[in-house]
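Visitor: the following block contains a protein sequence and its predicted model.
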Amino acid sequence: MSNTYWLNGKYISKEEAYLSPLTHTLHYGLGAFEGVRSYGSSDDKNVNIFRLKEHTERLFESAKIINVPINHSIDEVIEAQIGVISKSKLKDAYIRPLLYLNDERLGLDIVGMKSHLMISCWEWPTYFGAEAMEQGIDVMISSFTRQFPNSLMTKSKISGGYVNGVMAHDQAKTNGYQEAILLDTNGFVAEGSGQNIFIVKDGNLLTPELTCCLNGITRRSVMQIAKDKGIDIVERQITRDELYTADEIFFSGTAVEITPIRSVDKVVIGPGKRGDITKVIQETYLAAVREKAKEYDHWLSRV
């Protein structure tokens, strides 16, 4: 964990990042955050942050949705994320901007409360381990349902909204799986506990519509890569049984990157490991973040 934080426009040490036990967001969950990653280039000369502008724009969109203002410009927040990585001298790292209400005033009325924006970062290895990137992971269909769009806005990364994903993930781990897939309130596939999902069938790439899932930035990257590779992409409702009969399935997300799924509810998917299309997308994505795919250099912000 880095000792350099950015809080409300100033770089501070971790020890200075004090939160009161009466922090409003701690009690009620009204806050927003982002997950951003930096990578060292393949030649070890540069450090880049992947799709920093898009992540920062989504943070501002989340703030607007929850009606908690960010008291800084987009450019300032972009520079702050570059700054914490630079000052921390990290390469492969995870960056966490967090918007929260820190007033010592409890209750549901937030009128007049001050918003705070903190940015931290830490070293980040492969989420499920290097082996999982080829062999895949085992997942289960969770008994928890992804929130209905009008119960909790699904186009924003609301802090309290991730309780749903934490409980689904914990249920999966307790039952011997590595991750969970959640269905929406109509019984269609939504996403993982904190990842978007893609399935491959007959050479085509399918992914759920955005009705109940986050418009993931890695998801958008996957779709662009697929388009560039001539792979047809369809966004539509996906049923649970289509998962069992898929040729390939993978998760996408900032944390998990492109992670193959080898089984769902103990039903083996395709070859039971990373499939050919997943491999193409995964290798292209990992090349892009390492500055090895020049056509995607516009996704990178140099530290």
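Guide: Received it, and whenever you're ready, just let me know what you need.

Visitor: every contact and neighbour count from this point should use C-alpha atoms.
Guide: Fine.

Visitor: ok, residue 264 to residue 244 distance?
Guide: 7 Å (Cα to Cα, to the nearest Å).

Visitor: please say which of those two ends up with more neighbours.
Guide: Higher neighbour count among residue 264 and residue 244: residue 264, with 21 against 18, using other Cα atoms under 10 Å.

Visitor: quickly list what that one is bridged to.
Guide: residue 139, residue 267 (DSSP bridges).

Visitor: pretty sure it sits against residue 142.
Guide: No - using Cα atoms under 8 Å, residue 264 makes no contact with residue 142, being 10.6 Å away.

Visitor: I figured residue 215 hits residue 157, correct?
Guide: No - Residue 215 lies out of contact with residue 157 (Cα under 8 Å); the separation is 10.0 Å.

Visitor: when these two are compared, which one has more neighbours?
Guide: residue 157 (24 against 17).

Visitor: now that one: phi and psi?
Guide: phi -100, psi 80 (degrees, to the nearest 10).

Visitor: how about the one 10 residues further on?
Guide: Dihedral angles of residue 167 (phi, psi; degrees, to the nearest 10) stand at phi -70, psi -40.

Visitor: what about it, distance to residue 182?
Guide: Taking Cα to Cα, one finds residue 167 at 11 Å from residue 182.

Visitor: can I get stretch 222-238 as CSV, trimmed to CA atoms?
Guide: Taking C-alpha atoms only, stretch 222-238 is exported to CSV below (Å, rounded to 0.1, in the frame of the first residue of the first chain):
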residue,chain,number,x,y,z
VAL,A,222,-13.3,-5.8,-25.1
MET,A,223,-16.0,-4.8,-27.6
GLN,A,224,-13.6,-2.5,-29.5
ILE,A,225,-11.0,-5.3,-29.6
ALA,A,226,-13.5,-7.8,-30.9
LYS,A,227,-14.7,-5.3,-33.5
ASP,A,228,-11.1,-4.8,-34.6
LYS,A,229,-10.6,-8.5,-34.8
GLY,A,230,-13.7,-9.1,-37.0
ILE,A,231,-15.6,-10.8,-34.2
ASP,A,232,-19.4,-10.2,-34.2
ILE,A,233,-20.8,-8.8,-31.0
VAL,A,234,-24.4,-9.0,-29.8
GLU,A,235,-25.8,-7.2,-26.8
ARG,A,236,-29.0,-8.9,-25.6
GLN,A,237,-30.7,-10.7,-22.8
ILE,A,238,-28.9,-14.0,-22.0
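
Visitor: joint contacts of residue 167 and residue 182?
Guide: Shared contacts of residue 167 and residue 182 (Cα atoms under 8 Å, 6 or more residues apart in numbering): residue 144.

Visitor: okay, those two: which has more neighbours?
Guide: Set side by side, residue 167 and residue 182 show more neighbours around residue 182, with 27 against 16, by other Cα under 10 Å.

Visitor: the more buried one contacts residue 189, correct?
Guide: Yes - checked against Cα under 8 Å, the pair residue 182 and residue 189 is within contact range at 6.4 Å.

Visitor: what do those two both touch?
Guide: Counting by Cα under 8 Å, 6+ apart, nothing touches both residue 182 and residue 189.

Visitor: which SSE is residue 116 in?
Guide: strand 115-123 (DSSP states H and E).

Visitor: hmm, who's touching the very next helix or strand once past that strand?
Guide: On the C-terminal side of strand 115-123, the closest following helix or strand by DSSP H and E is helix 132-135. The contact list for helix 132-135, computed with Cα under 8 Å, 6+ apart, reads 258-260, 262, 272-274.
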